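Peer 1: this one's sequence-less:
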Ligand code: GDP
């Protein structure tokens, strides 16, 4: 399990990336999907990743050390927020592309989607981009508690289909307020790092 999670730094571009050999998992998802809540839940902290920052405002990668150098979580800005202007959208795309395509520490992606909804075009584009550059993805569907029992399997299938999800990638469903649902996640991160 995650015994220790420490915020190290934020980086606006390459010059801020940490130079060492520690593997990284980047966390991505559209704004409001529940990424900050999830990061806080898995690390047993309340305020590690700020919940509900003004969406679209932060264009930084945030680096967190996990278990004293075992790996790092890299929290990427939420995408798909309607009110960001074109310049911000481009800056975001450029920064992400740079990180995703050139960062040798990067071992996998933890991508969050909302279990209630159809993936957005941004979600589809992001996922297909990850696959096109050979990145392994752990799909985390959030807000399980908000989905009717009868719809859970149906929505999972729908999301997998919409994303054209690769069967080698894992899919997990979580409700961040319910700790039981996030217990197995740590092993999924380790599997992702070892794939
Ligand atoms: P972010 O923009 O992706 O970082 O999203 P946040 O973590 O700020 O979450 C957005 C909203 O969804 C907040 O009001 C959270 O309390 C809520 N939320 C996040 N995860 C869950 C979940 O698993 N279940 C429920 N019911 N609400 C959640």
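Peer 2: Everything's here; your move. These numbers were taken from a predicted model, which means no experiment stands behind them. Numbering: from 1, shown residues only.

Peer 1: what does the protein put close to the ligand?
Peer 2: Contact residues, the chain versus the ligand (CB under 6 Å from any ligand atom): 29, 31-37, 51-52, 78, 142-143, 145-146, 175-177. Every residue, glycine included, has its C-beta placed from N, CA and C.

Peer 1: So among these, which ones count as buried?
Peer 2: The neighbour count (16 or more other CB atoms under 10 Å) marks 29, 31, 33, 34, 35, 36, 37, 78, 142, 143, 175, 176 as buried among those.

Peer 1: ok, so of the residues you listed, who is nearest residue 189?
Peer 2: Using CB to CB, residue 35 comes nearest to residue 189 of those, at 14.7 Å.

Peer 1: Chain neighbours aside, what residue packs nearest to residue 160?
Peer 2: Nearest residue to residue 160 in three dimensions, chain neighbours excluded: residue 171, at 6.5 Å (CB to CB, 6 or more residues apart in numbering).

Peer 1: picking up where we left off before, quick one: which of the buried ones among the residues of the chain next to the ligand sit in strands?
Peer 2: Among these, the members falling in strands (DSSP state E) are 29, 142.

Peer 1: Name the nearest of the buried ones among the residues of the chain next to the ligand relative to residue 22.
Peer 2: When these are compared for distance to residue 22 (CB to CB), residue 35 wins out at 21.0 Å.

Peer 1: give the contact list for the closest one.
Peer 2: Contact partners of residue 35, counting by CB atoms under 8 Å, 6 or more residues apart in numbering, are 27, 28, 29, 49, 75, 78, 112.

Peer 1: from those residues, which two are the most distant?
Peer 2: The farthest-apart pair in these, when distances are taken by CB to CB, is 28 and 49, at 13.0 Å.

Peer 1: Just list whatever residues bridge to the residue nearest to residue 160.
Peer 2: With DSSP bridges as the criterion, residue 171 is bridged to residue 139.

Peer 1: where exactly do the helices run in the protein?
Peer 2: According to DSSP state H, the chain carries its helices in the segments 35-42, 86-102, 121-132, 152-163, 185-194.
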